[in-house]
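Student: Need the 3D shape of this:
(2 chains)
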Amino acid sequence: MKPSHNQDEKLFEYLDGTLTGVEKDALEQLLQASPELRFRLEALRKVDAQLRLVRIEHPSKNFTQKVMSRLEQYPGKSLTLRNGILLLVGVLVAVGIGSILVASGVFDGTASIDLNQTLSNKYIQKPLPTFNFNGKLMMNIIIMVNLALAFIVLDRTILKPWFERRRMSA
Amino acid sequence: MTDEYLLIDKILGGEQQLYAELVNRYKSYTYTIALKILENRPEAEEVAQDAFIKAFNSLKGFNRESKFSTWLYRIAFNTAISYKRKRKASYQSIENTIVEYDQGEDALERSDKKKYLALAMDKLNEADRLALNLFYLQEFSLEEIADITGMQANTVKVRVHRARQRLADELKLLLQKEALTL
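Tutor: Residues are numbered from 1 along each chain as shown, chains lettered A, B, ... in the order given. All right, here's what the predicted structure looks like:
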């Protein structure tokens, strides 16, 4: 009888010692009756014996030291949940106050800086430009930057760890 | 396990130096997993270190539903796989390639066996080879190998079986070829 791939599976389970008593007896009877199956078992036993030579490898002697010094050099930069939530609340409060002030018209005016008046004439050879600042535009930019920061903090401290936990539990 | 969780709690509480204990406990298997994937000692060492750093930085996210070691080995496995994908150089320098020398009366025979086994192993695909290596390291159950590699336990079982079968066939072919050249 020529050994099939299914029989190979049984032969490996026999070598692993994972067959039940009944299965083992049945296989041993087949082995007695089939020289081809015995030959295949020998071939698989040799493979099994060689694979058992696979051994654990060891890293360098100062491996632990290297890891610990890398940890000290580059400490974890992740925010703790508590600090992250505090930062998020702070940023959102700042955005809220900024929005209320913009809506109430506090920043509707335009400020300008005239460098010719600010600096003494003896340092100026050519007339310098005057810079105009639109308060509303500036505040809107600051609010947008804060909102972007709030999204980053939300992602790093709440969303990312939450999805990571879900992935690990799945 | 409880002892290990206490240790993790202390590390999370700020006693960073205690992490050295976990590194000492699991460095060899972490390194072995990286080495089996990368087949290059310096790279495996670097990847194993990276895995420990990543594990430390994600320690808060360790949900304790699996063993710490299984979680760590999974990080090592994923780090090694992405390192391998990113690796640009397609060659290995001679001094870094794994070469082992045996001494003693059966040295030649053992060396031949290892050579044929290595040649036959090279014919296997990466996932089959790793599943087989982890299975024969004796440390891991099929379920743990599945956890580490992100496969189903049944898939691991099939891979291990298929890999051993292919290995037997490849060894037979290699030995036949060798006999013909003598």
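Student: Kindly report the domain assignment for the chain.
Tutor: Let's take chain A. Split into domains by automatic domain parsing, chain A comes to A:5-51, A:81-169.
Student: my bad, the chain I had in mind was chain B
Tutor: According to automatic domain parsing, the ranges for chain B are B:2-86, B:107-181.
Student: could you dump those to JSON lines with distance to A:E42?
Tutor: In short, each C-beta sits where N, CA and C put it, glycine included. Below are the domains of chain B laid out as JSON lines (distance: least, Cβ to Cβ, whole Å):
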{"stretch": "domain B:2-86", "distance to A:E42": "27"}
{"stretch": "domain B:107-181", "distance to A:E42": "10"}
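Student: mind showing which ranges of chain A have poor pLDDT?
Tutor: Chain A contains residues with pLDDT under 70 at A:1-5, A:74-80, A:118-122, A:124, A:164-170.
Student: ok, which stretches of it are strands?
Tutor: Here chain A has its strands, by DSSP state E, at A:110-114, A:130-134.
Student: that older thread, can you redo the domains of chain A as a markdown table, where the extra columns are mean neighbour count?
Tutor: Below are the domains of chain A laid out as a markdown table (neighbours: other Cβ atoms under 10 Å in any protein chain shown):
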| stretch | mean neighbour count |
| --- | --- |
| domain A:5-51 | 15 |
| domain A:81-169 | 13 |
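Student: Need the strands of chain A in CSV (columns: distance to chain B).
Tutor: What follows is these, written out as CSV (distance: least, Cβ to the nearest Cβ, whole Å):
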stretch, distance to chain B
strand A:110-114, 45
strand A:130-134, 42
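Student: I'd like the ones you listed as a markdown table, with distance to B:R164 appended.
Tutor: Compiled in a markdown table, the strands of chain A are given as follows (distance: least, Cβ to Cβ, whole Å):
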| stretch | distance to B:R164 |
| --- | --- |
| strand A:110-114 | 79 |
| strand A:130-134 | 74 |
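Student: So stretch A:51-67, near chain B or not?
Tutor: Yes. Stretch A:51-67 comes into contact with chain B (Cβ under 8 Å from any Cβ of the partner chain), by way of A:51-60, A:63-64, A:66-67.
Student: measure that stretch end to end?
Tutor: Terminal residues of stretch A:51-67 lie 31 Å apart, using Cα to Cα, to the nearest Å.
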